[in-house]
Every structure is written in structure tokens, then in C-alpha cells.
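Enquirer: I would like the atomic coordinates for the input below:
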Amino acid sequence: MACVKSVKKVIESVRGTVNPYYDMGCDNVNEIYRTNSNVFDMICDAFVFGYAQGIKSAKAEIRKAAKWYG
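Expert: Numbers count the residues shown, from 1 in each chain. Here you go, the predicted model:
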């Protein structure tokens with residue numbers, strides 16, 4: 001696994017650039033909060049949700065590029 005020197009710097013560099021369609025909204029945060037019993041599990045679920053949204057975004061970009069080339 002690659003070493004990230006500053007998690008906070010990575011977060012700050014991306015904040016404000018996330019497509020709202022793939023961003024985490026209040027409903028998502030509330031669901032993560034309600035369905036977990038501790039902070040560690042909340043953080044893990046938030047990461048997995050973000051990863052899944054990233055995959056969805058990447059697939060959409062691939063489909064868009066395929067239409068452009070196709």
C-alpha cells in the first residue's frame with residue numbers, strides 16, 4: 001500500500017472538486033451514523049462509501065469516453 005504523508009493535505013486538495021452527484025450528503029452521513037455503534041466502524045463505512053462512489057464515477061467517465069471514441 002502506498003504511503004500517504006498527510007491525509008489532511010490530500011483531503012484539502014480534493015475538497016470542493018467532488019462532483020455533487022458522487023459526493024456524500026447529509027442523508028448518507030446520517031445513515032452511516034445510525035447504522036454503526038462506534039466511530040471506527042463509521043470511518044470505515046464512510047471510506048467504503050467513498051470508494052464505491054469513486055468507482056461509479058470512474059465507470060461513468062469510461063462510458064463517456066467510449067461514446068466519444070465510438
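Enquirer: tell me the buried residues in stretch 27-35?
Expert: For stretch 27-35, the neighbour count (16 or more other C-beta atoms under 10 Å) marks residue 32 as buried. Placement of C-beta: from N, CA and C, glycine included.
Enquirer: how about residues contacting that stretch?
Expert: In this structure, residues lying in contact with stretch 27-35 by C-beta atoms under 8 Å, 6 or more residues apart in numbering are 42, 45, 46, 49.
Enquirer: among the residues you listed, which are located in helices?
Expert: 42, 45, 46, 49 (DSSP state H).
Enquirer: just the buried residues out of the residues you listed, in ChimeraX syntax.
Expert: Selecting in ChimeraX just the buried members of the ones in helices among the contacts of stretch 27-35, where the criterion is 16+ other C-beta under 10 Å, is done with this command:
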select :42,45,46
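Enquirer: include pLDDT and distance to residue 16 when you put the ones in helices among the contacts of stretch 27-35 into JSON lines, please.
Expert: Converted to JSON lines, these look like this (pLDDT from 0 to 100; distance: C-beta to C-beta, whole Å):
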{"residue": "42", "pLDDT": "98", "distance to residue 16": "23"}
{"residue": "45", "pLDDT": "98", "distance to residue 16": "23"}
{"residue": "46", "pLDDT": "97", "distance to residue 16": "18"}
{"residue": "49", "pLDDT": "97", "distance to residue 16": "19"}
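Enquirer: remind me which residues of the protein are low pLDDT?
Expert: When residues are selected by pLDDT under 70, those of the chain lie in 1, 70.
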